[in-house]
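Enquirer: Make a model of this:
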Amino acid sequence: MEEQISEVNLRKTSLWDCNLEHADLTKADLEASNLFGTNLEGASLIDANLKHVIFSKANLKKAKLIDVNLESANLNSAILKEAILSRVNLENAQVNHANFEGASLKGANLHNAGAWGAVFRKAYLKDANLEGANFQEAHLEEVNLINANLKGTYLRFAHLEGANLKEAKGLTHEQLEHTFMDRDTQLPDYLIAQADTTDKSAK
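Expert: Below is the predicted model of the structure:
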């Protein structure tokens, strides 16, 4: 049953392990609330304030989090498969070991986010800001990073097999030194040009 609780003020509320499947939390204020392990599958959290919220181990599969503020939130080990997170603000958020497989994060802000071991397989991250984020050991197979900002993104041991980085910004060879790539990984033209120049100089 769909719960209609949009625009409600639930600041600093404990909703630990609750069942809010398909709930309508549009424009809700949940700042600093605890939703550890809560089931929010298919829920609508459009334009909600989720700053400093604890979503650790929560189920947000197929949830709608468009234009949501998740600054400094804790989403460690949360499930966000196929969720819609367009223009979401995840600055300084912790999403370590979270599962974003197949999720849409177009225009998302992950500046300085912690995403160690997180799964973004087949996710859509076009125009996203990943500057300074930690994606160590993250799974980015077949991810779309067209026009994404990867300046200073930590990618050590990240999986980039089949990833589309063709128009990504701020990426360097040093960032890719200890990553996993294959022949289907698409790199920016400027990196390919730099590699060609280096090879010619070596000869």
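
Enquirer: Flag the shaky bits of the protein, pLDDT-wise.
Expert: 1-6, 193-203 (pLDDT under 70).

Enquirer: One more pass at 50, please.
Expert: Across the chain, residues meeting the criterion (pLDDT under 50) sit at 1, 195-203.

Enquirer: Can you show me the helices along it?
Expert: Secondary structure of the chain (DSSP state H): helices at 173-176, 189-202.

Enquirer: who's in contact with residue 187?
Expert: Going by C-beta atoms under 8 Å, 6 or more residues apart in numbering, residue 187 touches 165-166, 171, 176. The C-beta positions use only the backbone N, C-alpha and C, and glycine is treated the same way.

Enquirer: Next one: it from residue 156, what distance?
Expert: Separation of residue 187 from residue 156 (C-beta to C-beta, to the nearest Å) stands at 17 Å.

Enquirer: same deal with residue 86?
Expert: Relative to residue 156, and taking C-beta to C-beta, residue 86 is found at 28 Å.

Enquirer: Repeat that for residue 96.
Expert: Distance from residue 96 to residue 156, by C-beta to C-beta: 14 Å.

Enquirer: Could you do residue 59 as well?
Expert: According to C-beta to C-beta, residue 59 stands 29 Å off from residue 156.

Enquirer: So which of the two has more stuff around it?
Expert: residue 59 (22 against 15; other C-beta atoms under 10 Å).

Enquirer: Now for the more buried one: which residues touch it?
Expert: Residues near residue 59 by C-beta under 8 Å, 6+ apart: 38-41, 78-79.

Enquirer: One more pass at 7 Å, please.
Expert: If you count contacts by C-beta atoms under 7 Å, 6 or more residues apart in numbering, residue 59 has them with 39-41, 79.

Enquirer: quick one: which of these is nearest to residue 55?
Expert: residue 40 (8.2 Å; C-beta to C-beta).

Enquirer: My guess is the closest one contacts residue 61. True?
Expert: No. The criterion here is C-beta atoms under 7 Å, and residue 40 misses it with residue 61 at 8.5 Å.
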